[in-house]
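Asker: Fold the following for me, if possible:
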Amino acid sequence: MKNSNENRNPRILDTSALVHDPKSLLAYKDDIYICLTVLEELDNLKERTDKNVSQDARVVIRMLEDLINGHTSEEMEKGIELPSTESAKRGKLFIGIDTQIDFAKELKHAIGSDADNRIINYALHMQKELKQNVTIVSRDINMRLKARTIGVDAEDVLVDNQISDVDLLYTGVQAFEGDLFDRIKSDKDFKLSGEVYKFPVSLFNDEVQASMYWYDTAGHIGLVTEVADDSVYTKLLPRQQKKIWGISPKNPRQSVALSQLTDPFYDLNIILGPAGSGKTFLAVASALHQVLELKQYKKIVVVRSRDFMDDDPGFLPGDLTEKSLPLLAGVTDALISMHADDSDDEKSTRATVEHIIERANIEFTSMAYFRGRSIDDAVLIIDEAQNMTRAQMKGMLSRGGKNCRTIVLGNLAQIDDRFVTPASSGASAAVNIFRNYEKGSVLIFDEVERSSLAEFTEKNM
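Answerer: As a prediction, this is how the structure comes out:
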């Protein structure tokens, strides 16, 4: 049997595979098929008394709805393009009608689950239609054995089925090996004026657009200012970037992030990526720089999704800030890390952080109290945004008032909410929509800078 990663057959997804891991919808490079029998089983499962099973079924249904919403039956028959990026190419999603297909002779008198037999029969039918082998993906070992017995390949759900931000969304940046300028024949061909350069559009990927950044391993970092039919116009960033609140970038994407976070042109910055990549650290440093050093804003407002969200924090002791602080430890940890000194003890470090919180007028709050607010003259940091729904993201992004910079941070691999999926997350919606917003920037990190353990964990768990 082929290794799952080498198997390029179209996949027929069984109900058990989808309920076990809804991300199976986005786990394969080739086309995937789901038949009506599977949809009927999902519909029945959502009413089960077993809450875990019913919730999992609802997640799958919701994710399917997110993928097929807005498509006609004709488009569904031709296949719906699944979200693809440069690093993760995917095929199409087909919803097949299996209820009108005659049973193959091998299954006419088959015993066992009628639904399983119909799904296997659909797989046999698709092999004939496509004139190539297909693979059933199922958690049911008996179903897999039965399928193989009558000539259909079958496999279990992928063990390592992690969908990362960089595999699912527009990344906002393109990396080049070597020196990008070496790919140009003559200086006269590409230098226009100052630090503005023109490159052939063929050098860039399909996602190139204005406001996208690029970097090469020779140390150049550029901002795309315009994309024409045959050319991409870019502006080079300084080779030696100034420290921001005493912080220097550790890799090219962090350099891009600091440039975006401090560019006064932007009023929205979206940064996603793995835990330990520096999202919160850089966002807090840039916010302090603009509030305390540049005086561009008067305060910093920090909120985190899903901790209270639409619920009242209730009768926890203390005021709202005291209730929220334990839930915003990522931000306070970043403050401690950037202000700690080897000669300082823990008490003096915390005193320094408390002083910074007071000076920068940092407000830690709950989303439960954000309705109706208008945030003026502030940097608004929305942390853990991957757990937000599209409606909640819309509500938060509409809170920005006069002279407000909004920073959205998240990691799709760490969604904690059963009712939010990578496809339905408000963070995903924000990237897809606001990549076209002139005064917005998008960046997805792909490296972990926290520790070797954090990096290994992010890649392997």
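
Asker: where does this structure have its least confident helix or strand?
Answerer: Least confident helix or strand of the chain, by mean pLDDT, DSSP states H and E, is helix 320-324 with a mean of 46.

Asker: CA-only coordinates of stretch 58-76, as PDB, when you get a sec.
Answerer: Taking Å, rounded to 0.1, in the frame of the first residue of the first chain, the C-alpha atoms of stretch 58-76 are listed here in PDB:
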ATOM      1  CA  ARG A  58     -21.600  20.000  13.600                       C
ATOM      2  CA  VAL A  59     -18.000  21.300  13.100                       C
ATOM      3  CA  VAL A  60     -17.800  19.200   9.900                       C
ATOM      4  CA  ILE A  61     -21.100  20.500   8.600                       C
ATOM      5  CA  ARG A  62     -20.100  24.100   9.400                       C
ATOM      6  CA  MET A  63     -16.800  23.700   7.700                       C
ATOM      7  CA  LEU A  64     -18.400  22.200   4.600                       C
ATOM      8  CA  GLU A  65     -20.900  25.100   4.600                       C
ATOM      9  CA  ASP A  66     -18.000  27.600   4.700                       C
ATOM     10  CA  LEU A  67     -16.300  25.900   1.700                       C
ATOM     11  CA  ILE A  68     -19.400  25.500  -0.500                       C
ATOM     12  CA  ASN A  69     -21.300  28.600   0.500                       C
ATOM     13  CA  GLY A  70     -22.100  30.800  -2.600                       C
ATOM     14  CA  HIS A  71     -21.500  28.000  -5.100                       C
ATOM     15  CA  THR A  72     -24.200  26.700  -7.500                       C
ATOM     16  CA  SER A  73     -25.100  23.000  -8.000                       C
ATOM     17  CA  GLU A  74     -23.300  23.300 -11.400                       C
ATOM     18  CA  GLU A  75     -20.200  24.600  -9.800                       C
ATOM     19  CA  MET A  76     -20.300  21.900  -7.100                       C
END
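
Asker: Flag every buried residue along that stretch.
Answerer: 58-64, 66-67, 71 (16 or more other C-beta atoms under 10 Å). C-beta: built from backbone N, CA, C; applies to glycine.

Asker: neighbours of the residue lying closest to T389 once chain neighbours are set aside, just the number please.
Answerer: By the measure of C-beta to C-beta, 6 or more residues apart in numbering, the closest residue to T389 outside its immediate chain neighbours is G426, 5.4 Å from it. G426 is flanked by 25 other residues according to other C-beta atoms under 10 Å.

Asker: residues touching G426, list them.
Answerer: Shown in contact with G426 (C-beta atoms under 8 Å, 6 or more residues apart in numbering): 305, 385, 388-394, 420.

Asker: repeat that with 10 Å
Answerer: 305, 382, 385-397, 408, 410, 420 (C-beta atoms under 10 Å, 6 or more residues apart in numbering).
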